[in-house]
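**Student:** Could you work out the structure for the sequence below:
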Amino acid sequence: MAEQVLAAVRTGPGTTELREFPMPDIPDDGALLKVEVAGICGTDVKMYAKPPFADPVIMGHENVGVIVRAGRTFSERKGLVEGDRVFAEHYVGCFRCEWCHQGEYRHCEATDWRTNPDARRYGYTSANNPYHLWGGFSQYLYLPWNAVTHRVPDGVSAELAGLVTPLSNGIEWALVTAGVGYASTVLIQGPGQQGLSQVVACKQAGASRIIVTGTTRDTARLALAKELGADDVIDVTREDALQRVLEITGGRGVDVVLDCTAGAGTAPVLLGIDALKRREGTMVVQGELAAFPDFPLKKVTEKSISIRSARGHSYRSCELALEQLASGRFPLEKLSTHSFGLEDVDRAIRTVGGEGASDVIHVSLLPWAEEA
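**Tutor:** Here you go, the predicted structure:
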């Protein structure tokens with residue numbers, strides 16, 4: 001095995017350079033993952049343009065690879081051995097606090113970079129920290145004893161497994177956070193990788209009506225939404241979206257709104273509030289709006305709407321995502337539209353951000369592409 005590891009390092013806002021790091025010595029309770037695929041999402045685009053803390057950082061938090069070194073204690077604790085393909089969640093909790101004991105390590109202070117400058121989270125942690133390899137835009141990734149890992153089922157390729165993060169988010173937000181189930185009517189706003197993953201989750205859960213909104217630019221994505229199980233799609237630039245939702249639902253409105261528009265302003269939230277049924281509807285939102293001075297709180301309370309936040313995924317949702325990928329029930333491979341090598345990290349992130357290629361859904365970084 002090589003003595004040096006090649007990685008793409010963010011060195012400043014919108015700037016990446018290739019650097020070599022020494023191959024770390026793996027402790028008895030640690031392991032080394034040879035990264036096969038690192039997915040890129042909208043969060044990477046924002047973190048790349050405006051880093052929230054000092055660089056250098058190896059980005060990449062949606063990581064799949066093969067264990068090439070594993071300490072004895074690591075293997076005993078994890079039930080994993082060298083040669084196993086795994087998906088590594090980006091959270092690295094303490095596993096001592098109340099949240100970790102509840103299985104909600106995503107809320108652990110030890111992995112929350114917003115409040116803890118010494119937090120450990122893949123794709124966010126400085127490469128100056130011990131072991132250096134804290135992001136998937138690298139040939140190898142360090143796995144400590146408290147890394148959260150999932151064995152990838154046989155028959156699921158590395159690139160397909162690279163969809164686990166958006167798919168598990170879709171499962172978590174739609175089924176757990178919003179409570180979508182049998183006979184639910186759902187409006188999904190935004191047909192990106194998160195929205196399309198939620199189409200699959202809602203269809204699998206037995207939703208009776210799935211409506212997806214997008215723009216003319218999303219024509220191909222809306223077509224894929226139909227293929228994945230959406231009953232109706234709406235181009236909000238060509239139709240009155242609220243009127244169409246009410247027509248589709250016989251004037252009743254939907255039970256659940258899932259907003260996946262990622263910073264499209266207040267319009268999707270206002271549409272969602274109006275599109276929800278008269279009483280006890282649920283809306284799941286992402287934290288893109290810094291302020292909402294004219295928020296219609298009176299209407300929300302009159303309709304008894306529950307507003308819940310989308311935040312990451314649970315262990316169970318990742319396991320369900322892997323099972324869904326292994327089932328082959330949906331053509332999920334169609335979500336993976338573009339791939340790049342390690343030397344093209346900058347272009348890959350900008351592609352997700354809307355620069356260059358069109359009809360982008362999920363972008364994969366393949367650190368060993370040149371070697372293949």
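
**Student:** show me what contacts F330?
**Tutor:** V200, K203, L228, G229, Q324 (Cβ atoms under 8 Å, 6 or more residues apart in numbering). C-beta here means a position set from N, CA and C on the backbone, and glycine is covered the same way.

**Student:** can you redo the residues you listed as JSON lines with neighbour count and distance to V345?
**Tutor:** Below are the contacts of F330 laid out as JSON lines (neighbours: other Cβ atoms under 10 Å; distance: Cβ to Cβ, whole Å):
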{"residue": "V200", "neighbour count": "25", "distance to V345": "28"}
{"residue": "K203", "neighbour count": "19", "distance to V345": "34"}
{"residue": "L228", "neighbour count": "22", "distance to V345": "29"}
{"residue": "G229", "neighbour count": "18", "distance to V345": "33"}
{"residue": "Q324", "neighbour count": "22", "distance to V345": "28"}
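
**Student:** Just these: which are in helices?
**Tutor:** Taking DSSP state H, the ones among these that sit in helices are V200, K203, L228, Q324.

**Student:** Check the last one and give its pLDDT.
**Tutor:** In other words, Q324. At Q324 the predicted local confidence, pLDDT, stands at 97.

**Student:** Go ahead and confirm it touches L332.
**Tutor:** Yes: contact criterion Cβ atoms under 8 Å: Q324 and L332 qualify, at 7.3 Å.

**Student:** Pull up the overlap in contacts between these two.
**Tutor:** Jointly contacting Q324 and L332 under the rule Cβ under 8 Å, 6+ apart are L167, V200.

**Student:** Just the helices from the stretch 101-250 of the chain, written as ranges.
**Tutor:** Counting by DSSP state H, counting those that start in this stretch, the stretch 101-250 of the chain forms helices over residues 158-161, 164-171, 193-205, 219-228, 241-248, given from the N-terminal end onward.

**Student:** Just list what the last one packs against, helices and strands only.
**Tutor:** Spelled out, it's helix 241-248. On a contact count with 3 or more Cβ pairs under 8 Å, 6 or more residues apart in numbering; DSSP states H and E, helix 241-248 meets strand 209-214, strand 232-235, helix 267-275.

**Student:** at 10 Å instead, please
**Tutor:** If contacts are counted by 3 or more Cβ pairs under 10 Å, 6 or more residues apart in numbering; DSSP states H and E, helix 241-248 sits against strand 185-189, strand 209-214, strand 232-235, helix 267-275.

**Student:** and it, C-alpha only, in CSV?
**Tutor:** Extracted as CSV, the C-alpha positions of helix 241-248 are listed here (Å, rounded to 0.1, in the frame of the first residue of the first chain):
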residue,chain,number,x,y,z
ALA,A,241,-49.6,25.4,-8.5
LEU,A,242,-52.1,25.9,-5.7
GLN,A,243,-55.1,25.6,-8.1
ARG,A,244,-53.7,22.4,-9.6
VAL,A,245,-53.1,20.9,-6.1
LEU,A,246,-56.7,21.7,-5.1
GLU,A,247,-58.0,20.3,-8.4
ILE,A,248,-56.0,17.1,-8.0
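
**Student:** Next, the buried residues of that helix.
**Tutor:** With burial defined by 16 or more other Cβ atoms under 10 Å, the residues of helix 241-248 counted as buried are A241, L242, R244, V245, L246, I248.

**Student:** which of the residues you listed lies closest to S339?
**Tutor:** When those are ranked by distance to S339 (Cβ to Cβ), A241 comes first, at 33.3 Å.

**Student:** quick one, what contacts the closest residue to that closest one other than its chain neighbours?
**Tutor:** Closest residue to A241 apart from its sequence neighbours, by Cβ to Cβ, 6 or more residues apart in numbering: I234 at 5.2 Å. Contacts here follow Cβ atoms under 10 Å, 6 or more residues apart in numbering; on that basis I234 touches 187, 189, 211-215, 222, 240-245, 248.
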